[in-house]
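Enquirer: sequence first, predicted coordinates after that:
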Amino acid sequence: MFPKAQFPFTVEQLETAVNNRFDSTVILLNEEVVAFANFYEAEEGKHCSIGNVVVSSKYRNQGIGKFLIETMENLAVEKYNILELHLSCFSTNTKGILLYAKLGYIPYEVEKRLNLQDEPLALIKKKAVQ
């Protein structure tokens, strides 16, 4: 879910993520939580940054990730009247990189981060092409 999360993922880790973010959103299918996302930046009239995007492995490749991102995009426009949408994806998340490219997000910056083992990761920052 994010590089500082530890397996097994706990309620406390989720609470920390939710408490430090905005507009946490879940997608339900037959009363089961199948996807989650939030904003880590929300600047009214300017931009929102979508983060903590997670789709249950049981429900991937079924359009739920696309629906989740579109839901967050609509929320950003309706609530914050934004001009630009951003999101970030780690270089190790090939499925996420491909999904965001398919949805029209292009890279604009790469930032060095470290995982829990202090190994370098590339955080690829993307923005939606209008």
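Expert: Structure received.
Enquirer: neighbouring contacts of the helix ranked longest in the chain?
Expert: Longest helix in the chain by number of residues, with DSSP state H as the criterion: helix 64-80. With contacts defined as CB atoms under 8 Å, 6 or more residues apart in numbering, helix 64-80 is touched by 23, 25, 27, 29, 34-37, 39, 42-45, 48, 50, 53, 55-56, 82, 85, 87, 99-100, 102-103, 128. Glycine gets a C-beta too; all of them are placed from N, C-alpha and C.
Enquirer: doesn't residue 125 make contact with residue 112?
Expert: No. Here residue 112 does not reach residue 125: they are 12.0 Å apart, not a contact under CB atoms under 8 Å.
Enquirer: when the two are compared, which one has more neighbours?
Expert: More crowded of residue 112 and residue 125, by other CB atoms under 10 Å: residue 125, with 15 against 8.
Enquirer: buried residues in the strand or helix carrying residue 100, which are they?
Expert: Secondary-structure element containing residue 100, defined by DSSP states H and E: helix 94-102. If you call a residue buried by 16 or more other CB atoms under 10 Å, then helix 94-102 has these buried ones: 96-97, 99-100.
Enquirer: ditto for stretch 15-24
Expert: For stretch 15-24, by 16+ other CB under 10 Å, it's 17, 21-22.
Enquirer: repeat that for stretch 47-55.
Expert: 47-55.
Enquirer: residue 17 looks like it's in a helix, true?
Expert: Yes. Counting by DSSP: H, G, I helix; E, B strand; the rest coil, residue 17 falls inside a helix.
Enquirer: mind checking how far it is from residue 105?
Expert: 21 Å (CB to CB, to the nearest Å).
Enquirer: kindly report the same for residue 52.
Expert: Counting by CB to CB, the gap from residue 52 to residue 105 is 16 Å.
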